[in-house]
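Asker: how does the following fold in three dimensions:
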Amino acid sequence: MRFKDVFSIIGPGMIGPSSSHTAGAARLGRAARRLFGAMPVHAEIVLYGSFAETYRGHGTDLAIVGGLLDFSTDDSRIRHSLELAESAGMQVVFR
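Answerer: Numbering: from 1, shown residues only. Here you go, the predicted model:
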């Protein structure tokens, strides 16, 4: 049997008012951090489509930066990731 329970299928709880705009975004940010090899000092994030239109209201900005800070999709610190990034010395610009 591939899945042992329903939580194996739907995964962990995700942070944000819109999990579709935060879970993937957090994973993208985390993948970028891992490719980079460390927390970036400067991140210029360019958004397109629905991400560009709703990123602040849906928490996409928080999720991407949370991923850059190496937070998982269910890490409650995502809610404060912009402030945490600034405190850690990361400069973030959204376009």
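
Asker: after the longest helix along the chain comes which helix or strand?
Answerer: Looking across the chain with DSSP state H, the single longest helix is helix 19-36. Next helix or strand after helix 19-36 toward the C-terminus (DSSP states H and E): strand 42-45.

Asker: I'd guessed residue 70 sits against residue 33; true?
Answerer: Yes. Here residue 70 reaches residue 33: they are 5.7 Å apart, a contact under C-beta atoms under 8 Å. Yep, even glycine has a C-beta here, placed from its N, CA and C like the rest.

Asker: who touches both of those two?
Answerer: Overlap of the contact sets of residue 70 and residue 33 (by C-beta atoms under 8 Å, 6 or more residues apart in numbering) consists of residue 39.

Asker: and the longest helix of the chain, how far from the chain's centre?
Answerer: 5 Å (C-alpha atoms, centre = their mean, to the nearest Å).

Asker: model confidence over that helix, on average?
Answerer: For helix 19-36, mean pLDDT is 88.

Asker: in it, what's buried?
Answerer: 19, 21, 22, 23, 24, 25, 26, 28, 29, 30, 33 (16 or more other C-beta atoms under 10 Å).

Asker: I'd like to know how far the fifth one sits from residue 89.
Answerer: Spelled out, that is residue 24. 26 Å (C-beta to C-beta, to the nearest Å).
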